[in-house]
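In: requesting a structural model of the entry that follows:
(one chain, ligands or ions: 2)
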Amino acid sequence: MHNRVMAFMVAHVIGDIITGDIAEPEVIVSSGPSVGGLLDSLTGSIGISARSKPIAAPVAAPTASVSSPVGSAQSESLKGGVRPFDKDLLRNFIVGAMPFGTPQDLNYTNVTSIRTTGFSGDPLPTDQKQPAWKPYLYKGRQRILFSSLETINAALYDRDDVPDFLSVSGQVTCRAELEGLPDVSLPLTGLKTAHVEVSSFHHCVQASDPTDNKQTLIFQPPLGNFVLMHYQAPCNIAPPVKGFYQLSMVSENEGAFLFKLTLMEGYKSPFIMEFCMITMPFPRRRVASYEGNPSLGTVSMTEHSIEWRIVSSGRGLSGRSIEATFPGTVKFLPRTTQRTNSSFRSVSSTAYTEDSDSEQDNAKNGASLDDYIMEKINKDLQAVDLEEPLSWQAYNYAKVSFKITGGTLSGLTIDPKSVNIYPSVKAPAEYTMQRSATVPGVGLVHAPFSLLPAHLPESIWRQACELAPIFNELVDRVSRDEKFLQDSLSKTRQVDDFTSRLLEIHKKMMEINKDENIRLGLYRSDYMLDLETNSLLQIELNTISTSFPGLGSLVSDLHRTLINQYGHLLSLEPKRVPGNAASSKFAEALARAWAEFNVDSAVVMMIVQPEERNMYDQYWLTKYLRESYGITTIRKTLSQVEAEGQVLPDGTLLVDGKKVAVVYYRAGYTPNDYPSETEWSARLLIEQSCAVKCPSISYHLVGTKKIQQELAKPDVLERFLENKEEIAKLRKCFAGLWSLDNEEIVKTAIEKPELFVLKPQREGGGNNIYGLDLRETLTRLQKEGGDALAAYILMQRIFPKASLAYLVRGGICHEGLVISELGVYGAYLRNKDKVVINEQSGYLMRTKVSSSDEGGVAAGFAVLDSLYLTDK
Ligand code: ADP
Ligand code: MG
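Out: Ligands and ions are numbered 1, 2, ... in the order given. So this is what the prediction gives:
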């Protein structure tokens, strides 16, 4: 029988190693102010060292709030170490010591060995999500390597009636050998042209929304190799191996074959084919011998195949196409001797894990890549496939495997020059290796901080402090005007789903006439000092999840201590660092709200993110609540509240069997915190209850950027406040704010984008749009027409003064040109007509490297800072 010609190609690998070999990444410093979130987007690196470091928090004592505390008798025997732990007891004990995470490893032997020998360098259990921090830090020559690996799946039939099939799946692997904990920003270009569809990013990646042809990835790379992204693409050029293959059985035990192939047609330099091999598999027959010589390359045989190496490692093929032919015959052993194809299968059982973070990565060197290809081929082409229609005549295909470097088939490229690293680090002379855990939740690095406090004129400081109680009162007044909130946000809700969901809850509360008697707000109003006018201008007022009261207070302490000790060398006086009681003040406000609620057995419930990384900031509030007020805090995610919570007929919120007096949100401010309906129904459940919410839905809405902009309109403040002097004080700190139905200002912003910031209705940093991106976005939205513009507000861009500072991050100190943003905390508590608290409650300075970014996306590099008051 004369067989039809077919060739079946599988598992072709085309690799492209692009290195951004950045010997000494330089500090990017320029005169323009920086953009992006000040630390809000950096909470990933917040934590403390378990060993004592300057701003480290001690490991929590077992008495800290725990949902299932250990009895004191048990603790006694534990301390003595006499009694072996039973598993439940051990869990309680660990949860007591680490109230912020779920213990991952409860094996007694492991725990004792960790206690005696510390944490080993063993890799993390692969089935667990990696922590965003590094378990230890890299030291040595710095470089970052990207490599993209594309696999073609192709079936070429050489038939008119069956179309060929070709597709590319690719992955970009990264290995960052960088000291400290830098942010890497990587613009991907050509996505649209190449029709690349990203199927997943590594969990450390924050990807901007793809615009036209560009998408920027920002990430803090973990150690070792990791897969940055997976993608799919159509194949934009013809396959590098094409041709003709024919096999006919001339007798029961003998076949004749012919190959006529063209290699690398249309592949110009820099594409190099480093390796190409054709395999003729005979899974059901055993090969006895073969005859014939190819025009190129070498031939060998195995029990079940003939292998033709056309191009082998070392002799690459580039810049030209070649023809290769191979006529020959193959003899098989008689069928009776044939066994099952066990040897074929046994090769394929070598599993290869694509997502490996291990050191033996495929892209490391050529030899292992070849092995990988072989494994991959064998894995992808198991004998069982032969029963499938694609290979209906069992022997009638050959498989081609190859490796080509120099480019990608999809066209996706990474330009090493476009890779930015913040902060850029020079190899420091002194370096302390931070070795800590490899167990998630235990390996910690310190929060980034500034070595010395930032200077600020005392008069400006006083002005900011005076504003706090006025803003506190304003939020309460505005929150009472339900119609104002609904009307002001009515357009935004059309185009912004998140705001719309919040308004929906708000509306439900209006419908049932929900009255909040006890109202608690914990705020932070952020400001920058505008250089040109020397005026304090507000950036925004945060009414939900205001972060860093805990760690901010510690940095003030640290600075005062340092200046006390070394200030004389620098002519600095410790008394000029204002006291900062943010954490105890916030705890006091929570405690007094709890007292107003007046149920002794009730708890404070902190709503946290499932993978909360800023827990050590929150820890301080829990600690004060417990130690100064005897109040227990429980920590719950929104989905836990949904599962464990209920509202009793009298309005009492019960979660996990406990009555909740105060719900304190440290999550719930971003759409990411509501991945499903579950979280929304938890939010609604809480809102319907009579527990004190910090914040209530209306307090939350008052903090939106749209309301900020509405309040800045003429005569609006007057609707809510009577005192003219106070109104004047507020208005003085308002920067220019506009809604986008103002065509004049949109036009100006398109002309001079550098003078504006475009803000969507989001919190948490990293969402604002600047510079050329701002121009592009406005132009596009304008063209699209409709209400899309209503999702944004425009703000005058503030330019603060830049100065030199020392920033410490990941144990490394960098000098840089920086700008600072002052946040003043405020606490407000009210029970019906009685104002219980209305005060300024400490501060937070955040300082970031001042660097401009033409493209509009900058990885903000900010650290915790405090204040040094100057006369002028
Ligand atoms: P978010 O709710 O995401 O924190 P912000 O309004 O605070 O949004 O903006 C995030 C960051 O962007 C700020 O911390 C600040 O560094 C910068 N920023 C915001 N508005 C301005 C502005 N008008 N001028 C200069 N920088 C700004
Ligand atoms: Mg902010």
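In: got the phi/psi numbers for residue 499?
Out: As for residue 499, its main-chain torsions (degrees, to the nearest 10) stand at phi -60, psi -40.
In: ok, it - contacts?
Out: Under the criterion of CB atoms under 8 Å, 6 or more residues apart in numbering, the contact list for residue 499 reads 489, 492, 493, 704, 706, 761. All C-beta atoms are positioned from the backbone trio N, CA, C, and that covers glycine.
In: ok, residue 825 next?
Out: For residue 825, the contact set (CB under 8 Å, 6+ apart) comprises 468, 522-524, 546, 549, 582, 585-586, 840-844.
In: run the last query once more with 6 Å
Out: Counting by CB atoms under 6 Å, 6 or more residues apart in numbering, residue 825 makes contact with 524, 549, 582, 841, 842.
In: nearest residue to it other than its sequence neighbours?
Out: Of all residues not flanking residue 825 in the chain, residue 841 sits nearest, at 4.3 Å (CB to CB, 6 or more residues apart in numbering).
In: so the one you found sits against residue 827, correct?
Out: Yes - between residue 841 and residue 827 a contact is recorded at 4.5 Å, counting by CB atoms under 6 Å.
In: how about the longest strand seen in the chain: buried residues?
Out: Secondary structure of the chain read by DSSP state E shows that its longest strand is strand 812-831. The neighbour-count check on strand 812-831 (16 or more other CB atoms under 10 Å) flags 812, 814, 816-831 as buried.
In: same check, this time on stretch 833-848
Out: By 16+ other CB under 10 Å, the buried positions in stretch 833-848 come out as 836-848.
In: mind giving me the packing neighbours of the helix or strand where residue 152 lies?
Out: Assessed by DSSP states H and E, residue 152 sits inside strand 143-155. Helices and strands touching strand 143-155, by 3 or more CB pairs under 6 Å, 6 or more residues apart in numbering; DSSP states H and E, are strand 12-20, strand 165-177.
In: where among those strands is the average confidence lowest?
Out: Ranked by mean pLDDT, the helices and strands packed on strand 143-155 end with strand 12-20 at the bottom, a mean of 26.
In: so what's the residue of the stretch 151-300 of the chain found nearest ligand 1 bridging to?
Out: Among residues of the stretch 151-300 of the chain, the one nearest ligand 1 by CB to the nearest ligand atom turns out to be residue 206. It sits 12.9 Å away. With DSSP bridges applied, the residues forming beta bridges to residue 206 are residue 218.
In: and the pLDDT at it?
Out: Looking at residue 206, its pLDDT stands at 82.
In: surely it and residue 220 touch.
Out: No - the pair residue 206 and residue 220 does not pass the contact test of CB under 6 Å, sitting 9.3 Å apart.
In: so for the two, which sits in the more crowded spot?
Out: Set side by side, residue 206 and residue 220 show unequal neighbour counts under other CB atoms under 10 Å, the larger going to residue 220 at 22 against 16.
In: please tell me how far that one sits from residue 660.
Out: To residue 660, residue 220 is 35 Å away according to CB to CB, to the nearest Å.
In: so which residues on the protein come close to ligand 1?
Out: Residues of the chain lying near ligand 1 by CB under 6 Å from any ligand atom: 37-38, 40, 526, 539-540, 735, 757, 759, 762-765, 767-768, 795-798, 821.
In: these two touch, right, residue 279 and residue 400?
Out: No - in this structure, residue 279 is not within contact of residue 400 by CB under 6 Å, at 7.9 Å.
In: for those two, indicate the residue with more neighbours.
Out: Under the neighbour definition other CB under 10 Å, residue 279 and residue 400 were set side by side, and residue 400 has more, 29 against 22.
In: hang on, that one is in a helix, isn't it?
Out: No - residue assignment for residue 400, taken from DSSP: H, G, I helix; E, B strand; the rest coil, gives strand, which places it outside any helix.
In: next up, the contacts around the residue sitting furthest away from the middle of the chain.
Out: Residue distances from the centre of the chain (CA atoms, centre = their mean) peak at residue 251, which lies 62.9 Å from the mean C-alpha position. When the contact criterion is CB under 6 Å, 6+ apart, residue 251 has no partners at all.
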